[in-house]
Every structure is written in structure tokens, then in C-alpha cells.
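S.K.: Provided below are the primary sequence and the corresponding predicted coordinates.
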Amino acid sequence: MFPDPSHTGAFHTSSQQTWSVYDAAGREVAAGDDLRVDLSTQSVGIYFFKTTTQTIKLVIK
């Protein structure tokens, strides 16, 4: 997952997989299955990128 932190809210995964993104309160804010994760409409903060095998913290500055 890169870049992290992101200043634009756009992240990229290294492999195509089904994913969901949650905010710090645990609400799902995005989901998909492509290589680009677009969180540009979300506020600055910490988010959690989750797949079936891992959870990664993402930071939008």
C-alpha cells in the first residue's frame, strides 16, 4: 500500500484483491476490488484498509 501517508487521499495496492476501508470509528467509508483506493473525499485522519488477510493503517494528511 503506497504512498502512506497520502496528501491527496489516493493509495495504490500491489495486488488486486477485495478490500474495505474503515474510519477510526469503525464505519466503512470505501470498498472495492481494484488497485487504486480513492479516499480523496474523506477528511484528514487515520483509516484502516482491510482485506481477507491483512489490516493496514492509512494516514491522510
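M.R.: All right, it came through fine. Numbering: from 1, shown residues only.
S.K.: quickly note the distance from the residue nearest the centre of the chain to residue 29.
M.R.: The residue lying closest to the centre of the chain (Cα atoms, centre = their mean) is residue 49, at 4.4 Å. Relative to residue 29, residue 49 is positioned 11 Å away (Cβ to Cβ, to the nearest Å). C-betas here are computed from N, CA, C, even on glycine.
S.K.: which residues do these two both contact?
M.R.: By Cβ atoms under 8 Å, 6 or more residues apart in numbering, residue 49 and residue 29 have these common neighbours: residue 21.
S.K.: list the contacts of the closest residue to residue 38 other than its chain neighbours.
M.R.: Closest residue to residue 38 apart from its sequence neighbours, by Cβ to Cβ, 6 or more residues apart in numbering: residue 10 at 5.7 Å. Taking Cβ under 8 Å, 6+ apart as the contact definition, residue 10 lies against 36-40.
S.K.: dump these to CSV, plus pLDDT.
M.R.: Formatted as CSV, those follow (pLDDT from 0 to 100):
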residue, pLDDT
36, 92
37, 92
38, 93
39, 94
40, 93
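S.K.: and which of the residues you listed is nearest residue 19?
M.R.: For the contacts of residue 10, the residue nearest residue 19 by Cβ to Cβ is residue 37; the value is 6.9 Å.
S.K.: for this structure, what spans make up the helices?
M.R.: Per DSSP state H, the chain carries no helices over any range.
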